[in-house]
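S.K.: for reference, the sequence and a predicted model appear below.
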Amino acid sequence: MAISLSLQELAQRIDGKIICGEASSQFTGMASLDLAESADISFLGNEKYFQQFLYTKAGAVIVPEGHDFQNSGPALIAVKNPSLAFSAVISHFSEKLATFSPGIHSTASVSPTAKLNPDKVCIHAGAVVMDGASIGDGTEIAPNATIYPNVSVGKDCKIASNVSIRENCVIGDRVQLQPGCVIGADGYGYEFANGRHEKIPQVGNVVVGDDVEIGANTTIDRARFGKTVIGEGTKIDNLVQIAHNCIIGKHCLIVSQTGIAGSTKIGDYVTLAAQVGVVGHIEIGEKVTVTARGGVTQSLEGGIIYGGKPATPLRHSMKLEALVRRLPKLADRIKALEKAASAKNS
C-alpha cells in the first residue's frame, strides 16, 4: 500500500501556509526539484536552485515565506525554513517504511550477563554483546556490531554494522552510530624511553550524550584516565578522529576528516568544517566556527569565525591569503627594480 500525504496534512506537519493548490491533493513521494514527478513533494531551500523550481514537475514545493511566487505549476506551501521543513517530509515517508522487529537473531552472541529485554531490543545476525553490557529498550544493533564488556547503551539507539564500542563506554539515548565507527579504542599515548616508544595504559572511557550522531569510520579514543566526552546533540561526520581526554560540548558540528588532538576542550555550538586540524591541550570557546582546512594551534576566543593556518579571525585570515596570492607579482616587481637599479649603476 502506497504511503500518501495530503497537501493539508503536509501544511499542518510543517506549520506552513498553503499559497496555492488543493488541500485534498495527495502525494506519495519526495524528490529534488530536478527529479521530482507530479506525485512528489520537493523544496526550494537555496536561491541557486530557482531555475530548477521554475521548471520542476513536482506536485508540491515547500518555499520560503515572504516571497511573491508567480507560479502556475505545483502547489506551494510557505515556511520559514524549507530545508528543515523538508526533513519532516523525509521522516514521514521513511518512518512509515522503517520496521523495528524486536528479538535476538539466532547467530547473534549475547552474554547471559548482559542486561537487556529481548522483547524490546533488536539484535541482528553476527552481532556480539559481551559480559555486563547494558542495552536500552528500543535500541537496534545491526549485523556484526560488537558491544564490549560493561558498555552501557541507552534507549532508542541505532548501532550500525561493524561498529565497535569498547569496554566501559557509555552511550546515551537516541544515539546513532554509523557503520564502522569505533568508540573507545586506546588513546595514542607513548613515552620515549631507552631508545623505544613505551605504550602508556589507557584505562578511561568515552561518554556519549543523548541525541549524538557519529559518522561512518569515525574514531573516538578512550581517555588515558577519566573520560573522553561528546556532548548532547553533537553531530560528527564520517572519518573524524577525536583523541583521548577531549571534551566536546553540546550541539557541535564536526565535519569530515577533522582531527582533534588529545585533552582539547571544545565549547557548545562549535562548528569545525572539513579537514580542520586542532592541536592538543587547548580550549575553543562557545559558538566558534573554524572554516575548512583551518589549523588551530592555540586556544580560541568564543563567538568568532576563524580560518587559515594557523587559524586567525576570518577577516584577518582572508587578508593574509590575498597578500600571499600577490607574492609572485611582487617578486617580479622586485626583480625588475633590481635590474633597473643595476643598469643605472653600471
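M.R.: Received it, and whenever you're ready, just let me know what you need. Numbers count the residues shown, from 1 in each chain.
S.K.: phi, psi for Ala340 please.
M.R.: phi -60, psi -40 (degrees, to the nearest 10).
S.K.: now swap in His316 and tell me
M.R.: Backbone torsions for His316, taken as degrees, to the nearest 10, come to phi -60, psi -40.
S.K.: check the spacing between it and Val270 real quick.
M.R.: Relative to Val270, His316 is positioned 19 Å away (CB to CB, to the nearest Å). C-beta: built from backbone N, CA, C; applies to glycine.
S.K.: between those two, which one's more packed in?
M.R.: A direct count of neighbours by other CB atoms under 10 Å for His316 and Val270 places Val270 higher, at 24 against 12.
S.K.: wait, what's in contact with that one?
M.R.: Shown in contact with Val270 (CB atoms under 8 Å, 6 or more residues apart in numbering): Gly249, Cys252, Leu253, Ile284, Gly285, Glu286, Lys287, Val288, Thr289, Val290.
S.K.: can you do 7 Å?
M.R.: Contacts here follow CB atoms under 7 Å, 6 or more residues apart in numbering; on that basis Val270 touches Gly249, Cys252, Ile284, Glu286, Lys287, Val288.
S.K.: same deal with Lys115?
M.R.: So Lys115 contacts Ser134 (CB under 7 Å, 6+ apart).
S.K.: and for the one 5 residues further on?
M.R.: Contact analysis of Lys120 by CB under 7 Å, 6+ apart lists Pro102, Asp137, Gly138.
S.K.: filter these to the buried ones?
M.R.: Gly138 (16 or more other CB atoms under 10 Å).
S.K.: okay, the contacts of Lys120 in CSV with secondary structure and distance to Gly59 next?
M.R.: Formatted as CSV, the contacts of Lys120 follow (DSSP: H, G, I helix; E, B strand; the rest coil; distance: CB to CB, whole Å):
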residue, secondary structure, distance to Gly59
Pro102, coil, 37
Asp137, coil, 39
Gly138, coil, 34
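S.K.: next, format the contacts of Lys120 as a markdown table and append pLDDT.
M.R.: Shown next, in a markdown table, are the contacts of Lys120 (pLDDT from 0 to 100):
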| residue | pLDDT |
| --- | --- |
| Pro102 | 95 |
| Asp137 | 97 |
| Gly138 | 96 |
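S.K.: mind listing what Ile165 touches?
M.R.: Contacts for Ile165 (CB under 7 Å, 6+ apart) come out as Ile147, Tyr148, Val151, Ile171, Ile183, Gly184.
S.K.: mean confidence (pLDDT) on stretch 263-271, please.
M.R.: Averaged over stretch 263-271, pLDDT sits at 98.
S.K.: with stretch 16-34 instead?
M.R.: For stretch 16-34, mean pLDDT rounds to 93.
S.K.: out of the contacts of Ile165, name the two that are farthest from one another.
M.R.: Tyr148 and Ile171 (11.7 Å; CB to CB).
S.K.: what pLDDT is listed against Glu321?
M.R.: 83.
S.K.: if I look at the nearest residue to it once chain neighbours are set aside, how far off is Asp237?
M.R.: Excluding the flanking residues, the one nearest Glu321 by CB to CB, 6 or more residues apart in numbering is Gly308, at 6.7 Å. Distance from Gly308 to Asp237, counting by CB to CB: 21 Å.
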